[in-house]
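# fold the following.
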Amino acid sequence: MGMLLCHFTGEIPSAHATMLQLHPIMDARRFSSFAMHFNSYGKGGGRQSKTKLNSLMGKCCSRRGTVMMSKKDPQLRSYIDEKGEEGLWSVIIPTYNRLPILSKCLKAVEEQSNYRESGIKEYEVIVVDDGSTDGTLHFLLSDDEGHLSCEEFISSSKRFPHVKVLQQNHGGAARARNLGFLHSRGSVIVFIDSDMVVTPDFLKDHARELYQCFLTDGDDATFTYGRVINTHNFENPQSEPFKLTDYSTAFFATGNIAISRKRLAQAAAMLGELSEGPFDTKFSEYGWEDLELGVRLKKGGAKLKHAPAAVGYHWHPAFSYDQLPMQIEQEKQRGRSAAYFYQKHPVYSVRYMIQMTPIHQMLWFLLTLGGTINEKTLEPFIKILVVLGQPQLAKALVSPLLNWYSVQATNEAIKKLK
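Residues are numbered from 1 along each chain as shown. Alright, predicted model coming up:
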């Protein structure tokens, strides 16, 4: 089943039941929206109403369709477009099979300090489990004795008081973030990744910069982008120093962002009537969905403010040759997603971002000798560097190869789109 369906009661008014229609894409995010919507009519609908709802749940969880609320429903429309609860911040974290580092991530977010000094009244953490199979859901919803907390479609974690948990069938980060956005209540939304460990003053440092911009500019156009430091130190990720390779030129990336809820709602509206949230879920594979959202935000007048004190330590396992097939596949997915990105925004800035310029094409061709330098020819060198304790050098060695796969996938996908 797509969502964690543990308990639900409530009468479904016939006027609203007629608004339901089957959508060709099976995903629990829409079922979650309509379920919470109907739940607001009150509990205790009796055995007959439960039977009706169970029938709808069956349709939702089949692989042939999902229940979808009409956008004309004024209550749902106001829910999607609301500005949120003033002073409440919502931290949205999608996750998929990352339980060990996720536990560190949530512990760090749970232990935020001094955030009220910067104007935050309270914060919530929305974790969206994207169909994990590593025990993530059980860990989040159980206590140390194994007792489960499972009463609503959005369930509270017993281990982390600020955390609420949602689950969907595996559908990617864009859908997971949209689901988290629809169920969040904050007027400010924070996006971080589930393999990121933040500092104790992370929220306070974001809020200090963001609220100062709101006050100075007289609007909420500015969003803050915190510093991301990459590390493969699992035991103590916060000990990693900032490196030149950690510098990012991206306008918007979901690894460490704080932004007005209203701005995200406006960006969602740009996607049209079938919008499922601010992220375009047609990015079904890896890559570019956050930068594409950034393009729409910029068109809507959004402005970037760096918040270097709001640090997130982005953990990756130390590079090894065994990871290479998965990374090659990931780069092929990134290339295909890049083609869709450019199809949506056929401008030079996007061409540059996805490396679809003559300079980029020539660069990766030369560095890989047209693909002659590949994973097989590099294998002995990579393994030697790893044995010598130089995984970062090994990763740098394969970087041109990975970019070559991405560029080739982009070119092939664009040809198919023509």
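# now stretch 346-365: buried residues?
Neighbour-count burial for stretch 346-365 flags 350, 351, 353, 354, 355, 356, 360, 361, 363, 364 (criterion: 16 or more other CB atoms under 10 Å). For every residue, glycine as well, the C-beta is placed using N, CA and C.
# same question for stretch 122-129.
Judged by neighbour count using 16+ other CB under 10 Å, the buried positions of stretch 122-129 are 123, 124, 125, 126, 127, 128, 129.
# what sits up against that stretch?
With CB atoms under 8 Å, 6 or more residues apart in numbering as the test, stretch 122-129 has contacts from 87-96, 102, 106, 109-110, 112, 115, 136-137, 140, 154, 157, 160, 162-168, 176-177, 179-180, 183-186, 194, 203.
# okay, and which of the residues you listed map to strands?
In strands, judged by DSSP state E, the following of the contacts of stretch 122-129 are found: 87-95, 163-167, 186.
# now for these: which two are most distant?
Farthest pair in the ones in strands among the contacts of stretch 122-129 (CB to CB) is 87 and 167. Separation: 28.3 Å.
# of these two, who's got more company?
With neighbours defined as other CB atoms under 10 Å, residue 87 and residue 167 compare such that residue 167 has more, 26 against 14.
# lowest-confidence one in the ones in strands among the contacts of stretch 122-129?
pLDDT across the ones in strands among the contacts of stretch 122-129 is lowest for residue 167, at 92.
# how far away is residue 324 from residue 413?
Using CB to CB, to the nearest Å, residue 324 is found at 22 Å from residue 413.
# repeat for residue 366
Separation of residue 366 from residue 413 (CB to CB): 23 Å.
# the two: who's more crowded?
Taking neighbours as other CB under 10 Å, residue 366 and residue 413 compare with residue 413 leading, 18 against 10.
# leaving out chain neighbours, which residue sits closest to the more buried one?
Nearest residue to residue 413 in three dimensions, chain neighbours excluded: residue 339, at 3.4 Å (CB to CB, 6 or more residues apart in numbering).
# the one you found: helix or strand, and which one exactly?
Here residue 339 is covered by helix 324-344, with elements defined by DSSP states H and E.
# what's the average pLDDT for the helix or strand just after that helix?
Remark: after helix 324-344, the chain's next helix or strand is helix 348-353, criterion DSSP H and E. For helix 348-353, mean pLDDT is 94.
# what's the angle from the longest helix anywhere in the chain to helix 324-344?
Using DSSP state H, we find that the single longest helix of the chain is helix 391-417. Taking axes from the mean of the first three to the mean of the last three CA atoms, to 10 degrees, one finds helix 391-417 and helix 324-344 inclined to each other by 40 degrees.
# endpoints of stretch 184-202, how far apart?
End-to-end span of stretch 184-202 (CA to CA, to the nearest Å): 19 Å.
# in which helix or strand would I find the residue lying closest to residue 162 once chain neighbours are set aside?
In space, residue 162 comes closest to residue 125 once its chain neighbours are excluded; the distance is 4.7 Å by CB to CB, 6+ apart. In this assignment (DSSP H and E), residue 125 forms part of strand 122-129.
# follow-up on the earlier one: helices or strands up against the helix holding residue 339?
For helix 324-344, the packing partners by 3 or more CB pairs under 8 Å, 6 or more residues apart in numbering; DSSP states H and E come out as helix 289-299, helix 348-353, helix 375-387, helix 391-417.
# centre of the chain to the second one, how far?
So that's helix 348-353. Centre-to-centre, helix 348-353 and its host chain are 23 Å apart (CA atoms, centre = their mean, to the nearest Å).
# again, but for the third one
For helix 375-387, the distance between its averaged C-alpha position and the chain's averaged C-alpha position is 33 Å (CA atoms, centre = their mean).
# since we're on residue 216, how many residues are nearby?
Residue 216 sits with 9 neighbouring residues when counted by other CB under 10 Å.
# average pLDDT for the helix holding residue 339?
Averaged across helix 324-344, pLDDT comes to 96.
# what's the answer for stretch 238-253, then?
When pLDDT is averaged along stretch 238-253, the result is 92.
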